[in-house]
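Visitor: Predicted coordinates and the sequence they were generated for:
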Amino acid sequence: MVESVEEAKERIAELREEIRYHDRKYYVEDHPEIDDHEYDMLMAELKTLEEKYPEQITSDSPTQRIAPMDTARFQAVEHKTPMLSLDNTYNHGELREFHERVCRLLGVDDVEYVMELKMDGLGVALLYENRVLQRGATRGDGVMGEDITANLKTIRSIPLKLSDQTVLSNIEARGEVYMPRDGFEAMNEERLKEGEEPFANPRNAAAGTVRQKDPKVVAQRPLDISVYHLSHHPGVELKTHWECMDELRKAGFRVSENMTKVSGIREALEYIDLWENKKDELNYEIDGIVIKVNDLEQQERLGATSKHPRWAIAYKYPAVRKTTVINDIDVQVGRTGKLTPVAMLEPVQLSGTTVSRASLHNEDEIERKDVRVGDTVLVEKAGEIIPQVVKVITEKRDGSQKIFEMPRECPVCGSRAARLEEEVARRCVNAQCPAQLKERLEYWGSRDAMDIEGLGPKLLGKLVDKGAVRSIADIYRLGKIQLVSVERMADKSARNILKAIQESKEQGLARVIQGLGIKYVGKRSADILARHYGTMDRIMEADKNELEDIHEIGPKIAESIVSFLEDERNIELIERLKEAGVRMDVGVDEVLTLLEGKKFVLTGSLDGYTRDQAAQLIERYGGRVTSSISGSTDYLVVGSKPGSKLDKAKKLGITVLDEDGFRHLLDQG
Ligand code: IVH
């Protein structure tokens with residue numbers, strides 16, 4: 001039990017130290033010493049203490065990794081010294097020239113280099129003062145970058161405070177933010193499930209994430225960083241780049257384990273050849289090798305041009321490209337009904353694999369590149385996991401090539417394939433389309449949606465193939481005989497699955513909305529819609545404008561909902577689910593009593609709600625809105641330009657909520 005402020009302060013410091021130590025073991029060294037539960041306990045204790053003593057919260061506390069959303073655009077900041085980029089070389093000859101130039105300028109016969117992998121992400125600069133992270137910025141144009149501190153703080157391998165094992169204290173360190181391959185793939189799978197566009201490659205994913213507006217979103221994405229340069233370290237005597245990297249490692253950063261010291265160009269080339277074969281085994285993408293003069297004094301003597309340092313250069317591995325012929329263009333249909341044109345290629349060997357297909361993304365892309373069936377094209381497998389068509393070799397055209405037109409109907413079920421406003425993709429509007437069905441069923445039963453245990457992809461696949469399930473609603477008509485006949489299972493397992501199906505009927509509106517898999521409608525929007533409307537019928541009556549007026553429901557989501565609910569088949573699906581007894585309202589018992597008996601007064605204007613909307617919400621949750629403040633008022637909700645009510649509420653000691661606080665209160669439901 002903590003007694004005094006002094007004791008609390010001490011314990012807070014102790015906890016931070018301990019958490020930092022375990023963060024490093026876990027996120028940087030990959031050698032955790034305690035289990036997640038123990039870690040959570042430390043964090044919980046720290047949070048409790050900080051809540052009790054908010055004046056003790058510092059920006060480097062481990063609790064401050066996820067800052068609240070900052071709606072302003074990123075601020076432009078100037079780098080301490082310009083962030084130069086590296087000059088590139090593409091073959092051994094060019095690298096030898098670099099080495100000869102370095103030797104000539106330094107007047108030496110040989111030089112020691114540090115060889116490093118060139119991570120394919122985006123460069124950032126991290127500024128520390130008195131060991132505490134002050135600012136993290138993108139490279140920008142090299143002179144000015146964008147302040148993305150809040151987002152970078154969510155990356156666990158960036159220490160918020162430098163460890164005391166280092167002599168470094170006031171520094172600027174630079175590194176590459178990247179997304180590991182496994183995390184990238186998992187994230188893309190998740191995006192596909194949510195009906196969102198997957199990222200083309202880990203670099204795009206990292207770059208897109210780092211400039212997200214909401215640090216909460218960033219925190220959920222698997223970003224990491226590898227630090228490669230100490231650009232500023234006044235007062236600390238360091239002789240080599242290698243020593244700098246050692247010191248950064250001690251400070252708590254992840255520094256690549258794969259860097260090596262070599263002397264002379266021959267060893268440098270060996271390193272390059274070695275990694276050309278090994279790079280595909282790494283859990284992140286690299287687009288080359290960086291070679292750096294190790295001695296800092298030599299670096300200084302070599303200096304830099306306006307763009308590049310003269311003491312370092314990048315060696316870029318060639319992107320593997322080949323020409324082949326497009327035999328046909330196929331159209332595939334994904335879970336959210338998205339139609340993707342795929343080039344069926346005359347098979348070619350590209351970096352060790354046979355490539356016979358390449359995504360053409362969408363009709364705009366086909367038009368832009370003027371890709372026709374029968375064309376000879378250049379295909380490439382660079383960072384991208386899926387091979388890309390780089391360009392058409394138009395000289396090879398002989399008049400037999402055919403212009404491709406994207407079908408206006410779904411190639412699987414024949415329904416309309418519509419192109420939503422502002423979207424490049426065409427989508428099949430039929431939720432029962434067999435191409436979408438299996439995955440939709442799986443999604444319906446998934447933990448986030450209706451949570452039907454035992455109804456996995458294998459079983460669902462068989463049920464669909466046997467024709468036992470043709471729509472989500474058919475799940476609720478399944479019997480034991482059907483289950484046992486498609487998959488050999490014990491009586492008890494079948495009974496358990498049927499029980500889980502029955503129980504899922506009570507999940508409530510938010511999960512139903514989510515389970516329907518409407519494009520752009522994920523968990524958060526489903527919750528908002530459910531809470532706002534209360535029943536499916538009301539949602540079905542809403543038009544686009546009305547939906548857009550709801551806080552956090554943008555035009556894209558609104559349009560997608562309307563388009564989904566306009567389709568007769570989707571309406572029929574909802575009707576059948578209702579008939580089956582699937583609950584289409586919010587669980588009144590739990591949620592709607594959140595504000596039972598509470599009295600509210602509203603004053604000033606709110607950004608996200610009209611007065612009426614706010615009042616309706618309060619009432620839906622069981623609260624009451626009155627016009628004047630009295631001793632029995634529980635909450636005063638204040639918007640901008642509040643009147644005298646605020647003073648009165650303060651005098652009476654009534655809880656005052658700003659818009660965020662109000663939203664937060666509702667969110668608890
Ligand atoms: S050194 C003055 N080392 O590649 C120091 N850069 O154009 C310059 N990169 O902007 C950078 N891995 O974002 C360096 N091991 C590495 C690197 C690396 C990736 C990026 C960095 C830079 C770009 C070069």
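Guide: Cool, got the structure. Bear in mind that the values here come from a model prediction, so they are computed numbers and not experimental data.

Visitor: Give me the nearest residue to the residue nearest to the spatial centre of the chain, chain neighbours excluded.
Guide: For the chain, the residue nearest the mean C-alpha position is residue 221 (4.1 Å; C-alpha atoms, centre = their mean). With C-beta to C-beta, 6 or more residues apart in numbering as the criterion, residue 221 has its nearest non-adjacent residue at 4.6 Å, and that residue is residue 209. (Each C-beta comes from the backbone N, C-alpha and C, glycine too.)

Visitor: how close does the one you found get to residue 184?
Guide: Computed with C-beta to C-beta, to the nearest Å, the distance linking residue 209 and residue 184 is 10 Å.

Visitor: Look at these two and report which has more neighbours.
Guide: Set residue 209 next to residue 184 and count neighbours by other C-beta atoms under 10 Å: residue 184 wins out with 25 against 22.

Visitor: my read: the more buried one touches residue 223, true?
Guide: No - using C-beta atoms under 8 Å, residue 184 is not in contact with residue 223; the gap is 10.0 Å.

Visitor: Am I right that residue 290 is in a strand?
Guide: Yes - using DSSP: H, G, I helix; E, B strand; the rest coil, the assignment for residue 290 is a strand.

Visitor: ok, residue 374 - contacts?
Guide: 325-327, 400-402 (C-beta atoms under 8 Å, 6 or more residues apart in numbering).

Visitor: And the pLDDT at it?
Guide: With respect to pLDDT, residue 374 has a value of 97.

Visitor: Would you work out how far apart the start and end of stretch 150-166 are?
Guide: 24 Å (C-alpha to C-alpha, to the nearest Å).

Visitor: oh, I was asking about stretch 381-389
Guide: 9 Å.

Visitor: what mean pLDDT would you report for that stretch?
Guide: Computed over stretch 381-389, the mean pLDDT rounds to 69.

Visitor: Quick check: the residue of this structure nearest the ligand.
Guide: When scored by C-beta to the nearest ligand atom, the chain has residue 123 as its residue closest to the ligand, at 2.7 Å.

Visitor: after the lowest-mean-pLDDT helix or strand in the chain, next one along is what?
Guide: Across the helices and strands of the chain, the lowest-confidence element by mean pLDDT, DSSP states H and E is helix 588-591, at a mean of 48. On the C-terminal side of helix 588-591, the nearest following helix or strand under DSSP states H and E is strand 599-603.

Visitor: Pull the residues that contact that following strand.
Guide: Residues contacting strand 599-603 (C-beta under 8 Å, 6+ apart): 611, 614-615, 618, 623-629, 632-639, 642-643, 645-646, 649.

Visitor: Helices - which of the residues you listed land there?
Guide: Of the positions in the contacts of strand 599-603, 611, 614-615, 618, 645-646, 649 sit in helices, assigned by DSSP state H.

Visitor: The chain against the ligand: which residues are in contact?
Guide: Contact residues (C-beta under 6 Å from any ligand atom) of the chain with the ligand: 84-86, 116, 118-119, 123, 139, 176, 228-229, 290, 309, 312, 314.

Visitor: Dump the ones in helices among the contacts of strand 599-603 to CSV, plus neighbour count.
Guide: Formatted as CSV, those follow (neighbours: other C-beta atoms under 10 Å):
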residue, neighbour count
611, 14
614, 20
615, 17
618, 23
645, 20
646, 16
649, 20
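
Visitor: For residue 392, which non-adjacent residue is closest in space?
Guide: Nearest non-adjacent residue to residue 392, counting by C-beta to C-beta, 6+ apart: residue 375, 4.9 Å away.

Visitor: right, I mislabeled it, should have said residue 129
Guide: Once flanking residues are discounted, residue 129 sits nearest to residue 170: 5.5 Å by C-beta to C-beta, 6+ apart.

Visitor: do the same with residue 585
Guide: Excluding the flanking residues, the one nearest residue 585 by C-beta to C-beta, 6+ apart is residue 535, at 4.6 Å.

Visitor: burial of the one you found, as a residue count?
Guide: When neighbours are counted by other C-beta under 10 Å, residue 535 comes out with 14.

Visitor: May I have the residues that are in contact with it?
Guide: When contacts are counted by C-beta under 8 Å, 6+ apart, residue 535 touches 509, 584-586.

Visitor: Equivalent analysis for residue 194, please.
Guide: Contacts of residue 194 by C-beta under 8 Å, 6+ apart are residue 522.

Visitor: pLDDT at it, what is it?
Guide: Listed pLDDT for residue 194 reads 71.

Visitor: SS state for residue 413?
Guide: The three-state assignment at residue 413 reads coil, by three-state DSSP.

Visitor: residues in contact with it?
Guide: By C-beta under 8 Å, 6+ apart, the neighbours of residue 413 are 428, 430, 432-435.

Visitor: Over to residue 285: give its phi and psi.
Guide: phi -100, psi 140 (degrees, to the nearest 10).

Visitor: Tell me how many other residues crowd it.
Guide: Neighbourhood size, residue 285 [other C-beta under 10 Å]: 25.

Visitor: That one touches residue 205, doesn't it?
Guide: No - using C-beta under 8 Å as the test, residue 285 is too far from residue 205 to be in contact (10.7 Å).

Visitor: Give the buried residues for the helix or strand where the residue of the chain closest to the ligand lies.
Guide: Using DSSP H and E, residue 123 falls within strand 122-129. The neighbour-count check on strand 122-129 (16 or more other C-beta atoms under 10 Å) flags 122-128 as buried.
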